Structure formats: structure tokens, C-alpha cells
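A.B. asks: below are the sequence and a predicted model; questions follow.
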Amino acid sequence: MKIKQFKLFQCCIPVKGIKNGIIIDFQRKIIHKVSNQIIDIIKEYSKKNIYDLFNDFKETKKILKSHIRYFIENELVILSNSIDSYPSLSEDFFSPVILDSIGIEIENLSASMENFLKFKIDELGINSIRLILKSQNIEEFIRILVLLETSKIKAIVLYLEYSATMLLELNSYVKENPNPRIAKLIFYNFDGQINKNDFDEKFRFEKLSVNDIFYNETIVSMNDFVLDIDVYLEAIKYNLMFNKTLFIDSFGNIKTHREDSTFYGNIKNDEIKEIIKNNAFNLFWNISKDQIEVCKDCEFRYICPDGRIPYKTNSKDPNYKFKTICNYDPYEGKWNS
């Protein structure tokens with residue numbers, strides 16, 4: 001074995017954090033915790049003979065053997081006399097769509113919004129919609145579903161302020177008209193009492209306001225991380241929440257996200273294809289976790305779907321910040337209770 005060369009399998013990606021490191025096995029959907037020193041050794045000696053590795057670390061040979069054994073038993077490394085036959089993973093990321101998802105707020109369904117939903121959705125390649133319906137009118141939601149009926153939309157997430165009447169109407173509609181495109185039905189400002197067994201699993205009830213929940217994907221454990229190779233490749237260069245997405249408010253104004261105070265156009269008069277070419281607009285898509293304080297030091301940064309909005313408090317500071325603290329502390333390597 002000592003004369004053989006070694007390297008990690010293509011689907012096994014090492015990531016260093018400020019305190020700890022991990023190796024993500026994307027094929028088996030497993031995260032292996034390792035020290036940063038081990039990751040450094042793997043990178044330095046990849047494609048070299050294992051003999052060279054043991055020769056350079058004679059004093060810690062026993063510890064090194066245990067690590068090598070662990071990697072072999074968990075099928076993390078390739079051992080071969082022709083290691084160049086196993087290419088490394090390309091870090092290029094490509095998405096063929098103009099937009100992947102959008103957020104929309106609708107108070108009254110205007111003619112321009114109807115036109116957008118009926119004709120522009122597929123043209124832009126949109127896969128999912130997060131819809132805030134301000135009116136307590138189920139007929140308006142049904143009208144939206146009809147407009148999207150022939151589209152390629154895969155998922156619709158609906159946000160509604162809690163109303164007992166609207167809840168009962170929507171529950172009846174969903175039971176009578178099953179629609180796989182409806183991914184979630186979220187009632188915010190919920191202050192009632194219900195038996196959740198009476199409702200489809202798509203229904204969710206949140207005590208917080210829509211402002212608090214629309215982008216706040218709470219990360220509470222390692223189970224919340226997304227172990228997908230395409231997610232990893234996108235996260236290296238882009239923001240997982242905001243890349244190839246935008247928000248349209250109830251007046252048709254186009255923004256980078258819901259809390260954005262800048263309008264880049266309006267669906268009534270402007271073409272989204274042109275708006276997203278604006279460097280000030282698409283810059284927001286490119287704010288990767290490597291540019292956000294704390295996140296840039298976290299070993300889980302490329303698999304984390306954290307949807308908080310990054311802000312700059314100082315134009316001279318190259319890094320962005322979040323207003324709230326994450327449940328995981330990469331400096332201590334611990335989850336906050």
C-alpha cells in the first residue's frame with residue numbers, strides 16, 4: 001500500500017473552518033469531522049505516495065495510520081498506482097435559467113401582474129415562487145394558480161396572515177383540489193389554536209410576522225445543511241438564497257430582495273432580462289458566505305441554506321454582516337443552546 005498514491009474521491013470535499021474542518025461525502029450525504037491539520041496534509045500529499053507521507057510524519061505514524069484506516073473504511077480516498085486516472089471535481093457552476101426563483105407580494109391582482117405570471121415566468125426559467133398574498137381572498141389565489149397552470153413552475157410557497165376564515169377555506173380547497181406544485185402554505189401572525197392533524201402537512205403556522213420569517217431559514221442542527229454537490233458548487237461563488245432571484249412588491253416594483261429600498265424597475269414597463277444585467281443588482285447575487293463575517297470562518301459555509309440578508313455597515317469594509325447571530329459558533333465549534 002505504501003507505494004500507492006492517494007487522493008480523495010471526487011465526491012468527497014474537504015472544507016476548513018477557523019477551528020474545525022470537515023470532509024463532505026456528497027454521494028452518501030455524510031459529513032466527517034476532521035482537524036484542519038488533516039485537511040492540510042491531504043491537500044499537500046494528494047497524488048503522492050503514501051510512503052512519502054509516513055516518512056515525513058514518523059513521529060505521529062500511529063495517529064496517521066488510524067486516520068488513513070478511517071478514510072479507507074469510509075471510502076473517502078482512492079489508492080491507486082495510476083491516480084491521474086481519477087480527475088478532480090471541476091468547481092465550475094452553470095445554471096441555464098435567467099432566474100431560479102422569485103418572491104412576489106400581491107395585494108390586488110393587477111393586469112400587469114397577470115401578464116407577468118402568464119407570459120414571463122417560463123421565459124425567465126423560474127422554478128419556484130414565494131408568494132405573499134395580502135388580500136384575504138381565496139379566489140385571487142385560485143386565479144394565480146390558473147395563470148400558472150401551463151407554466152413550468154415546480155413549487156409555490158404561499159404566505160398569508162392568519163385568518164380563521166381563510167384557513168378553513170384554503171384547507172377545503174387543498175383537500176378538494178390536490179396540487180403538487182403547492183409546496184407550503186404558511187400562516188404568519190398566528191395566534192389561534194388548532195388541531196394540526198386536521199390539516200395537510202403543507203400547512204405551517206408561525207407566530208412571527210412575515211418580515212421575520214420570509215428570509216430567515218433557521219439553522220438549528222447539522223440536519224439543516226444541504227448535502228448536494230450542485231449546492232456546494234453554487235455556494236463557492238454565489239449566495240444560495242439570493243442568486244438568480246429577485247422580489248416584486250405589491251406595486252410591481254422590482255428589487256433585489258423584500259427589504260431593499262432601491263427600485264430597479266417595474267414589471268409594467270421594464271424587462272427583467274435587462275434589469276438583472278445591472279451590476280448594482282446582480283452584485284447581491286455574488287455575496288458568497290466567504291464575504292460574510294462569521295460565515296467566512298465556518299466549516300459548513302458551502303452547505304448552509306441560511307437565508308438572512310447580508311448588510312454592509314461600512315462601505316470601506318470588504319465584508320458583509322448579518323443582524324442576528326447564528327445558532328452555530330464556528331469559533332467554539334459548538335451549537336448555541
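C.D. replies: Now that the structure is in, tell me what you want to look at. Numbers count the residues shown, from 1 in each chain.

A.B. asks: select the helix or strand of this structure having the lowest average pLDDT value.
C.D. replies: In the chain, no helix or strand scores lower on mean pLDDT, DSSP states H and E than helix 50-56, which sits at a mean of 81.

A.B. asks: the chain: helices as residue ranges?
C.D. replies: Applying DSSP state H to the chain gives helices spanning 36-45, 50-56, 61-73, 111-115, 121-124, 138-147, 164-176, 210-213, 229-237, 272-275, 279-282.

A.B. asks: do you know which of these lies nearest residue 336?
C.D. replies: Nearest to residue 336, of all the helices of the chain, is helix 210-213, at 18.4 Å by Cβ to Cβ. Where C-beta positions appear, they are placed from N, C-alpha and C, glycine not excepted.

A.B. asks: helices or strands up against that closest one?
C.D. replies: Applying 3 or more Cβ pairs under 8 Å, 6 or more residues apart in numbering; DSSP states H and E, one finds that helix 210-213 contacts strand 155-161, strand 182-188.

A.B. asks: out of those, which is closest to residue 267?
C.D. replies: Nearest to residue 267 among the helices and strands packed on helix 210-213 is strand 155-161 (18.1 Å), distances taken as Cβ to Cβ.

A.B. asks: pLDDT value on residue 307, please?
C.D. replies: Residue 307 carries a pLDDT value of 88.

A.B. asks: what about it, neighbour count?
C.D. replies: Neighbours of residue 307 under the rule other Cβ atoms under 10 Å: 17.

A.B. asks: that one and residue 208, how far apart?
C.D. replies: Distance of residue 307 to residue 208, computed by Cβ to Cβ, to the nearest Å: 14 Å.

A.B. asks: likewise residue 129?
C.D. replies: For residue 129, the distance to residue 208 equals 21 Å [Cβ to Cβ].

A.B. asks: also residue 303?
C.D. replies: Separation of residue 303 from residue 208 (Cβ to Cβ): 25 Å.

A.B. asks: okay, those two: which has more neighbours?
C.D. replies: A count of neighbours by other Cβ under 10 Å puts residue 303 above the other of residue 303 and residue 208, at 24 against 12.

A.B. asks: which ones are touching the more buried one?
C.D. replies: 24, 225, 226, 227, 228, 231, 232, 235 (Cβ atoms under 8 Å, 6 or more residues apart in numbering).

A.B. asks: make it 6 Å
C.D. replies: 225, 226 (Cβ atoms under 6 Å, 6 or more residues apart in numbering).
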